[in-house]
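> no sequence on this one, just coordinates:
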């Protein structure tokens, strides 16, 4: 069964976003299906990261609707604290608390926000940490970890909230080249496990290998939606062709 036939998890309908009267996202329409990996590509400043932040309620929108499993997220009564338990987000700067150990960082959200038993979360965290090769670092502090290790911990922390969908905002952008691969391998593994993901990245080969669909953005709009094979071999728009020529993936 093709993923486009899977149930729709996330629906973006006519999303419009402005900063100080300047339009940065205009008339965005997109559906993301359960188990699907959608990769957002485009030049810096085209609106990709802002789009993710709107989905997660970190930026207010001025028009359109965002629906998660059919539930609208644009009501003034939306409880974003609860919604963010369903939408995991990993940023490029890790956002780990420096005064907490790896395990303490991971436990904070599930035990305080979701009120889950600590023993349950610890067991889940250990399973995930073993999967990403960091089980032996549970008592370390962020300062004792490399950038790649911090990013893998940030991913585990989000996964322990049991989200329905994960958003990744250029999570390898601040990493040294040798650390990029270890983070991308974790994300590839998540894709194989069926995690629904929306990913902003400049890693073209990674995008080609992980995506079910490529969404190409330019100047705050979606210009093209295609499979990786279609996008990387025969992009339909001139702007996408120019973009790929610059990256020389």
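Good, I have the coordinates. Computed from a prediction, not measured in an experiment: that's the story for all the values here. Residues are numbered from 1 along each chain as shown.
> any idea how far the strand or helix carrying residue 39 is from the middle of the chain?
Under DSSP states H and E, the secondary-structure element containing residue 39 is strand 37-41. Offset of strand 37-41 from its chain centre (CA atoms, centre = their mean, to the nearest Å): 9 Å.
> now it: mean pLDDT?
Averaged over strand 37-41, pLDDT sits at 98.
> for that strand, which strands pair with it and how are they oriented?
Strand 37-41 has its sheet partners listed here by DSSP bridges as strand 197-200 (parallel), strand 213-218 (parallel).
> how long is stretch 32-48 end to end?
Distance across stretch 32-48, first residue to last, is 15 Å (CA to CA, to the nearest Å).
> quick one, the longest helix seen in the chain and strand 37-41 angle?
Here the longest helix in the chain is taken by residue count, with DSSP state H as the criterion, and it is helix 177-192. Taking axes from the mean of the first three to the mean of the last three CA atoms, to 10 degrees, helix 177-192 and strand 37-41 form an angle of 140 degrees between their directions.
> could you list every helix and strand in contact with helix 177-192?
helix 147-159, strand 197-200, helix 204-210 (3 or more CB pairs under 8 Å, 6 or more residues apart in numbering; DSSP states H and E). Bear in mind the C-beta positions are built from the backbone N, C-alpha and C, glycine included.
> beta-bridge partners for the residue positioned nearest the centre of the chain, please?
Centre of the chain computed as the mean C-alpha position; nearest residue by CA atoms, centre = their mean is residue 167, 1.7 Å away. In this structure, residue 167 has beta-bridge partners residue 89, residue 198, where bridges are defined by DSSP bridges.
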